[in-house]
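Asker: The amino acid sequence is not available; the structure is as follows:
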């Protein structure tokens, strides 16, 4: 990769950081709802350092609603979208959730990050509004809602106790007796994933040589890289998002650290490559089997690609979340959250572009599977079972 392209990736990340600081209170946008239309909320990090994931959410939900409306809408009415930007911030997520409630949305597709979804879910739960996250993987998104007696909180992604087990097993088997470091970003997703993987690793009889943290928005990792080099690490698990992960890996390679980097699903978009550049080659991350390979996804993929969208990351999951909401509402013949929740938790699957989805009593997908992907030359590809 050219030096100019590397610089453009870092400039993009800095610009996102500046945008996060410029977010105004009440950062919501939508077309004016007609009297004969239903309004569906879409909430996530549309600005800030994780804005690329917000683009996945926006494109996937817009495409799904456009297709839904072409087929006659929902319960005989057209659907419009009402967007809320939480910038990945827990406090802003609560404000967005309250604005969604005040706007009388029929349901919410979002939020994206676990740190935003967990506090926002309480607002939706208390209001009896369906929330379907495309990407929040921390167990407390649904566990916490269930503990509070809320039954309208769902996700179409997997959980980190499953994802963490896959990563922990891989590290225990492939790096048995070697030096492993675990780094996290102190946030609900990153630290939660790191803790889950650490538990599996420790239960396998192996102790990491370093368990350390970074701060969200941190840019200089030279001190951390020096620690990793001093510990002579053979593998590093990074629990965090693509912006900091890209900078960490790039700086590690620049300082001569050639260790294997492993991460979770937050490294699943090309903004990571734009930041890390060729240093990202060989980086592994976990994600469900590539939904772009599924036959049911092909019509949606063609539609998105015609608009210049490669449908990477959680784009198809956002599309599927809309499908799940529509499935529940049509079967319940209602937009009442409790009615829809009862249908979705009946065990009967909803057909979606990422395959049939059925939920358990907590609102989690019944069948979950994470596999490994590898970054190579600007693209990520699913690998065979690397854990065996």
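Answerer: Thanks, I have it. In this text the structure is predicted, and so the values were computed from the model without any measurement. Numbers count the residues shown, from 1 in each chain.

Asker: so how far is residue 221 from the spatially closest residue to residue 253 that is not a sequence neighbour?
Answerer: In this structure, residue 253 finds its nearest non-sequential neighbour in residue 279, 3.8 Å apart by Cβ to Cβ, 6 or more residues apart in numbering. For glycine as for every other residue, the C-beta is placed from the backbone atoms N, C-alpha and C. According to Cβ to Cβ, to the nearest Å, residue 279 stands 12 Å off from residue 221.

Asker: got it, and residue 298?
Answerer: In this view, residue 298 and residue 221 are 40 Å apart by Cβ to Cβ.

Asker: if you count what's nearby, which of these two comes out ahead?
Answerer: Neighbours were counted for residue 298 and for residue 221 using other Cβ atoms under 10 Å; residue 221 has more, 20 against 12.

Asker: ok, that one touching residue 249?
Answerer: No: checked against Cβ atoms under 8 Å, the pair residue 221 and residue 249 is beyond contact range at 9.1 Å.

Asker: circling back: touching both of residue 279 and residue 221, which residues are there?
Answerer: Residues touching both residue 279 and residue 221 by Cβ atoms under 8 Å, 6 or more residues apart in numbering: residue 252.

Asker: Tell me the bridge partners for residue 83.
Answerer: Beta bridges link residue 83 to residue 29, residue 42 when assigned by DSSP bridges.

Asker: What are the phi and psi values at residue 145?
Answerer: Backbone torsions of residue 145, given as degrees, to the nearest 10, read phi -60, psi -40.

Asker: Ok, the one 10 residues further on next?
Answerer: Per-residue torsions, residue 155: phi -150, psi 150 (degrees, to the nearest 10).

Asker: Quick check: it vs residue 344, distance?
Answerer: Taking Cβ to Cβ as the measure, residue 155 falls 11 Å from residue 344.

Asker: got it, and residue 158?
Answerer: According to Cβ to Cβ, residue 158 and residue 344 sit 17 Å apart.

Asker: again with residue 203
Answerer: Residue 203 is 34 Å from residue 344, by Cβ to Cβ.

Asker: Give me the more crowded residue out of the two.
Answerer: residue 344 (27 against 11).

Asker: how close does that one get to residue 229?
Answerer: Counting by Cβ to Cβ, the gap from residue 344 to residue 229 is 49 Å.

Asker: hang on, isn't residue 320 packed against residue 353?
Answerer: Yes: with contact defined as Cβ under 8 Å, residue 320 reaches residue 353; the gap is 5.5 Å.

Asker: Those two: which is more packed in?
Answerer: More neighbours surround residue 320 than the other of residue 320 and residue 353, with 30 against 26 (other Cβ under 10 Å).

Asker: Tally up the residues packed near residue 341, please.
Answerer: When neighbours are counted by other Cβ under 10 Å, residue 341 registers 21.

Asker: part of a helix, is it?
Answerer: Yes: judged by DSSP: H, G, I helix; E, B strand; the rest coil, residue 341 forms part of a helix.
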